[in-house]
Each structure stands twice: as C-alpha cells, then as structure tokens.
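Colleague: This is a predicted model, with the sequence first.
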Amino acid sequence: MPMSFPLRIVVALAMVAGVLAPVSANAAQTLAQVQAKVRQLEEEATTAAEGAQEAKVKLAGLTKTLNGIKAKAEIQGQTVSTLQRSLGTIAIEQYKSGGFGQSFELLFSSDPTLYLSSAGSLDAITRRKSAQLRKFEAAQQRLNATTLTVNDKISLVAAAQKKLAAQSALAQSKLIEAEKLLSKLSKAERERLAKLADDEENADQASSLKAAKSASGVSGRAGTALKYALKQIGDRYVFGAAGMVTWDCSGLTMRAYQAAGVSLPHSSAAQSRMGKKVSYGSLKPGDLLFYGRPVSHVGIYLGGGKMVHAPRSGSRVKVAASGSLGRKPFVGARRF
C-alpha cells in the first residue's frame, strides 16, 4: 500500500531566492540552509522508498516461486505415499506366496537402496517389484531435493521481508527528521517557504504542459507510454503510489507502459534490468531513463534533453531536464 506522509513536507521543497517579504541576509541564509538540508533528507527518503519497492517486487516473486515449489512438493509427497503403499502390497503378496525370505526386513528399511544392492533380495523379487522400488527411490530423492529448495526459498523470503521493513522505516525516519527541522522555523518562515513551493510548482506545471505538446508525433508503444505519462502532469508524488491521481517514479512508468501493453514491475531498479539497453546519445522518446547508484529513480524520455517523471514527495509529475538528477547521476536507459 502507498505510504502516506504529511503534506506539510512540501514547504521544504521551494527555492528560497526571491522571498515574498523583505528579510535580513542572515534570515535568508538560514532559510536556504534549512531548505537545502530538508531537500537532502527528502531525496534520501525517496531513495529508501524505491529500495522498499525493489524489496517488495522481489518478495512477491519469491513468494510466488515458493508457493509453486510447495505445490510441487505436495504432489511429489503424494507420489511417494502411493509408491510406499504399492511396495506394501508387493510385500504382502510375496509373504502369501511363501517367497519372502530375508528380504522382508530390507524392504521395509529406511533405506530402500539396501534392497536393490542385495543380490539375494533381487533374486527373490520379480522385475515389476524391482521397478517399483527404483521408482520409489527416485521419487523420494526428488521430494528431498524439493524440500531443500523450499527451505532455501523460505530464507530468501524472510530476507526480502526484512529489507522491505528496513527501507520503509528508513524512508519514514528521513521525513520525520525533515519535519523536526521545519518545526524549528517560525510560522512566517514556514508560510514563506510554502508559498514559494507553490509558485515553483505552478511554474513547472505551465512549462511542462507546453513541453508535452512535442510528444504528439511519437507513435508505437513508446508513444502510447509517453502520452499516458504526460497526461498525469500536475498529479502529486506519493511514496509507493501507482495511480490514478498520485504516483511515485516507478509507479508512473509502470502504468504508462502497461497502457502500451508492456508489463513492468513497480521498482525503478527492477525496470532498469529489463528491455533493450541504449546509450544516452541514442535516446528516443519513450525510452526509460534511470538515475542513482544503486538505481533509485526513473523517468520517460520526452526528447530534446527532457523527460517526464514523478520527482519526489511534495512535488508533482512534471517535465524536467534529463541529465543528472541532483545527487543521482544518469546511469542508463532502456527501450521497450
């Protein structure tokens, strides 16, 4: 489920140049320092949240695999039980026929291979009985191997659950730290930053809508995905959200390409391992752009050195430059 965070974080995301009311140089410097620190915390929270999304995607895949293996183990267990009953029937028939001998004890031992390795026992049973024993041994080995795989996958699931919880907690803690920092400002300073944030976002939306017109000539799956994303301009960013009115970065790209018939996971890191790798110099509109080491952000290339993306908490879906994203460098692109 999307994580919900107080909207008052938005006050930290404004540029402090050109404040609304005259303030001293020292006051302006203090606001700038607070803004820069909060922006850093917000970026760290976004990175942690994308880490949580990656863990969530991995956990879902592991859980699906584990359930499949468990179902396989159940079928194999039923096969082993059926063969055990068949061997019991063979033993009873052999006893009634009087041809039992010393093989009786071997037949019911915990290690049926002893029976197969005994020349005397092989002489005492028919070819059909020997085949049943071999089937039983093979089925038991398959079941044992599957059981080990189940235990291994259970450990991986537990590790993914732990990472998901840790990354989610880290994202939350970064925003709480930012809130505490903002709470030290006066009411007038918080209002000033909030107004500046709104002004900046409104300006970005106006320029984004203008830039979106350049996508009209893009066709195919890339065009469908790009146009879908551009229609979301102005929607707010929320950690873990994937529509229809709030988004995080990978949620937006996932839904955009879903509209084009391409299935992508809700994780920028996972998406960065899919599709065809392309260089920055070979970019075409609709390509996915990835940022950060490890990957923690994704956007859709618009063309002309611009992309559409859902940037961060407190911001909205917008068109922005496609170069390095603050502390997150461009690290690769993929085409679908």
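Modeller: Nice, thanks for sending it over.
Colleague: The protein: strands as residue ranges?
Modeller: Shown for the chain, the strands assigned by DSSP state E span residues 236-237, 246-247, 276-278, 288-291, 297-303, 306-309, 318-321, 330-335.
Colleague: looking at the ones you listed, which is closest to Ser214?
Modeller: Across the strands of the chain, Ser214 has its closest neighbour in strand 297-303 (6.1 Å, C-beta to C-beta). C-betas here are computed from N, CA, C, even on glycine.
Colleague: Please list the outside residues in contact with that closest one.
Modeller: Strand 297-303 is contacted by residues 46-47, 50, 211-212, 214-215, 218, 225-226, 229-230, 249-250, 252-253, 256, 268, 271-272, 283-291, 307-309, 319-320, 322, 325, 328, 333 when judged by C-beta atoms under 8 Å, 6 or more residues apart in numbering.
Colleague: just to revisit the earlier point, output the strands of the chain in CSV; the columns should cover mean neighbour count, mean pLDDT and distance to Gln40.
Modeller: Shown next, in CSV, are the strands of the chain (neighbours: other C-beta atoms under 10 Å; pLDDT from 0 to 100; distance: least, C-beta to C-beta, whole Å):
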stretch, mean neighbour count, mean pLDDT, distance to Gln40
strand 236-237, 20, 94, 17
strand 246-247, 24, 97, 22
strand 276-278, 13, 97, 31
strand 288-291, 26, 98, 16
strand 297-303, 26, 97, 15
strand 306-309, 26, 97, 19
strand 318-321, 20, 96, 18
strand 330-335, 18, 97, 19
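Colleague: Relative to Leu196, which of those is closest?
Modeller: strand 318-321 (16.4 Å).
Colleague: Within the sheet, what are the partner strands of that closest one, with directions?
Modeller: strand 306-309 (antiparallel) (DSSP bridges).
Colleague: so Ala73 makes contact with Leu143?
Modeller: Yes: assessed by C-beta atoms under 8 Å, Ala73 is found in contact with Leu143 at 6.6 Å.
Colleague: And the helices in the stretch 1-150 of the chain, which stretches?
Modeller: With DSSP state H, counting those that start in this stretch as the criterion, the stretch 1-150 of the chain has helices at 25-97, 103-107, 113-117, 119-124, 127-183.
Colleague: pretty sure Asp235 is touching Trp247, no?
Modeller: Yes: at 5.8 Å, Asp235 counts as touching Trp247 under the criterion of C-beta under 8 Å.
Colleague: okay, and the common contacts of those two?
Modeller: The contact lists of Asp235 and Trp247 share 310, 317, where a contact means C-beta under 8 Å, 6+ apart.
Colleague: separation between Arg142 and Leu62?
Modeller: 22 Å (C-beta to C-beta, to the nearest Å).
Colleague: With neighbour numbers in mind, choose between those two.
Modeller: More crowded of Arg142 and Leu62, by other C-beta atoms under 10 Å: Leu62, with 19 against 15.
Colleague: what number of residues lie near the residue lying closest to Arg142 once chain neighbours are set aside?
Modeller: Among residues not flanking Arg142 along the chain, Gln76 sits closest, at 5.5 Å (C-beta to C-beta, 6 or more residues apart in numbering). As a burial measure, Gln76 scores 19 neighbours (other C-beta under 10 Å).
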